[in-house]
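Q: here is a sequence together with a model predicted from it:
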Amino acid sequence: QVQLVESGGGLVQAGDSLRLSCAASGRTFSDYNLGWFRQPPGKEREFVAAISRTGSNTYYADSVKGRFTISRGNAKNTVYLQMNSLKPEDTAVYYCAKARAVVPLNPRQAYEYDSWGQGTQVTVSS
């Protein structure tokens with residue numbers, strides 16, 4: 001089983017940047033796609049970004065495309081989410097997750113992931 005621990009959240013102003021990190025331990029990190037999801041207050045969890053095993057393929061929600069960048073450091077067992085030009089609507093608890101399958105058919109869907117971190121709060125003030 002993989003354990004995932006997010007860090008890097010905080011309170012920032014609109015237009016600022018944050019970088020979230022997710023450290024993994026347990027099974028072989030580089031064998032799996034990884035994703036970031038978020039849950040805004042009072043709303044359902046939603047997809048943010050995903051990255052393939054080697055990092056060659058990335059996927060983004062339309063709402064963050066061009067502002068957020070997902071990357072991974074397999075040597076460090078860590079996945080990152082660089083968030084630039086933050087907006088108040090980016091306020092949410094952010095979760096990282098490990099894909100269930102080696103090659104998920106729908107990396108934007110939460111059901112493709114079977115291990116989740118505890119989440120880190122990101123709050124963007126206007």
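A: Cool, got the structure.

Q: where does the protein have low pLDDT?
A: 27 (pLDDT under 70).

Q: what about the most centrally placed residue in it, which helix or strand?
A: When the chain is reduced to its mean C-alpha position, the nearest residue by C-alpha atoms, centre = their mean turns out to be residue 36, at 2.0 Å. Using DSSP states H and E, residue 36 falls within strand 34-39.

Q: returning to what we had before: burial measure for the closest residue to the residue nearest to the centre of the chain other than its chain neighbours, as a count.
A: Counting by C-beta to C-beta, 6 or more residues apart in numbering, residue 36 lies nearest to residue 48, which is 4.3 Å off, once chain neighbours are set aside. Yep, even glycine has a C-beta here, placed from its N, CA and C like the rest. Neighbourhood size, residue 48 [other C-beta atoms under 10 Å]: 25.

Q: surely residue 48 and residue 34 touch.
A: No: with contacts counted by C-beta atoms under 8 Å, residue 48 stays clear of residue 34, the gap being 11.5 Å.
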